[in-house]
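[1] got a predicted model here, sequence first, then my questions.
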Amino acid sequence: MKHSILTAVDSKRRDFLRHSAWGLSGLGLAGALAHGDALAQVAGFPNRPVQLVVPFPPGGVVDQTGRAIAQSLFKTWKQAVVINTKPGAGGAIGMSTVANAPADGYTLLAAHPFIHTLPEAERQFGRSVPFDRSHFAPLSLIVADPLVLVVKADAPWKTYEEFVADAKKRPDMIAYSSSGAYSAVHLPIEMLAHAAGIKLRHIPYAGGGPALTAVLGNVVATTAGAPAVLAPQIKAGELRALVTTGTRRHPLLPDTPTAMELGYKDVEFYLWVGLFASVKTEEAMLAQLRRDVAKAAADPEFVAYMAKLGAPLDVRDGTAFQSFLDKDAQRISAAIRRIGRVE
């Protein structure tokens, strides 16, 4: 009887192992097929036009950089990279389009610091966040341009130190213009003010152009912007540059100190542009995209064009770009929390 029981148990064990082996081999086969499909998809990529979503109006730094890299990628891929401009809701419409698109590498995103700013600003009002950075896989940083604080050339402040000293004597009396609440002009100026222990009066406008016009028209005292945009008026003697927000002096403004040079170690802000894909994209596809973007960004024609625009290239791949984004998000989130709700 004991022998019969053991024989039955052994028989069941053999059946279990046999079925398990088939099951495991089936799983292995399914995994291998899936991996093979992913590799085949990468090997044939792209076999149709790729869409690059720009979530801001035409003519800005994201649009200009996006169109330039699209042309360079065409040389690599031999497929068109179509710019799909989807402005609205501070970039949320375009960013949501990419977050919800098929994760096949054919819909990419060109974005700037608002990928951090918009979700953090929404949280200040207790509103639901339509997306955040976790929805996107970083491909490559392309441009990282600091901002420059400017005043009119006939303003009484010759240096940023003089500006700070005056602002300390007159809290909330010196006004500055920005391109809107939590914008890439509002945030760096508030970072500078916080670091210096001064209080400035914020006057938001509907864009960087009107904000600059307000300075030139003596409506406000100061604003900030990209060096490439403001350098011509600085060199023409219409504006005076006081300070920049990068870690080193800008090549267009070699005589203008950085905030860090002046002792404000926590002031670092860039109007950067980078490329992203959906976070659901297969890792093999992400790796291929990163290699191709790096190749496109190194193309001499692209490099020369960006130099002509005055946009400093700072190409970093996925891992290095991720580290950059983490630090950038921390600085921006801290600034927005200090500012609080802007009605």
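    It's in. Numbering: from 1, shown residues only.
[2] quick one: residue 139 and residue 278 touch, right?
    No. Counting by Cβ atoms under 8 Å, residue 139 stays clear of residue 278, with 10.9 Å between them. C-beta: built from backbone N, CA, C; applies to glycine.
[3] who touches both of the two?
    Residues touching both residue 139 and residue 278 by Cβ atoms under 8 Å, 6 or more residues apart in numbering: none at all.
[4] ok, the two, which is more surrounded?
    residue 139 (26 against 21; other Cβ atoms under 10 Å).
[5] contacting residues for that one?
    Residue 139 sits next to 108, 274-277, 286, 289-290, 293, 317-318, 321 when contact means Cβ under 8 Å, 6+ apart.
[6] go through the host helix or strand of residue 63 and flag the buried ones.
    Counting by DSSP states H and E, the element that carries residue 63 is helix 61-77. Neighbour counts over helix 61-77 (16 or more other Cβ atoms under 10 Å) mark 61-73, 76-77 as buried.
[7] and which of those is nearest residue 133?
    Set against residue 133, the nearest of the buried residues of helix 61-77 by Cβ to Cβ is residue 62 (16.0 Å).
[8] please report how far that closest one lies from residue 85.
    Residue 62 sits 10 Å away from residue 85, going by Cβ to Cβ, to the nearest Å.
[9] hey, what's in contact with both of the two?
    Taking Cβ under 8 Å, 6+ apart as the contact rule, residue 62 and residue 85 both touch 54, 56.
[10] which stretches in the stretch 201-343 of the chain count as helices?
    Here the stretch 201-343 of the chain has its helices, by DSSP state H, counting those that start in this stretch, at 208-216, 227-235, 283-297, 300-309, 318-339.
[11] distance to residue 154 and mean pLDDT for those helices - can I get that in JSON lines?
    Conversion of these to JSON lines gives the following (distance: least, Cβ to Cβ, whole Å; pLDDT from 0 to 100):
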{"stretch": "helix 208-216", "distance to residue 154": "11", "mean pLDDT": "94"}
{"stretch": "helix 227-235", "distance to residue 154": "13", "mean pLDDT": "93"}
{"stretch": "helix 283-297", "distance to residue 154": "41", "mean pLDDT": "97"}
{"stretch": "helix 300-309", "distance to residue 154": "29", "mean pLDDT": "94"}
{"stretch": "helix 318-339", "distance to residue 154": "30", "mean pLDDT": "96"}
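[12] now the ones you listed in CSV, with mean neighbour count?
    Shown next, in CSV, are the helices of the stretch 201-343 of the chain (neighbours: other Cβ atoms under 10 Å):
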stretch, mean neighbour count
helix 208-216, 19
helix 227-235, 19
helix 283-297, 19
helix 300-309, 14
helix 318-339, 16
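[13] residue 98 is nearest to which of the ones you listed?
    helix 283-297 (13.1 Å).
[14] what lies in contact with that closest one?
    Applying Cβ under 8 Å, 6+ apart, the contact partners of helix 283-297 are 38-39, 41-42, 45, 69, 72-73, 75-77, 104-105, 108, 137, 139-140, 142, 275, 277, 281, 302-303, 313, 315, 317-318.
[15] run the chain-centre distance for that helix.
    Here the centre of helix 283-297 is set off from its chain's centre by 17 Å, with Cα atoms, centre = their mean, to the nearest Å.
[16] ok and that helix relative to helix 61-77, angle-wise?
    For helix 283-297 against helix 61-77, the angle by axes from the mean of the first three to the mean of the last three Cα atoms, to 10 degrees is 100 degrees.
[17] sweet, I'm off.
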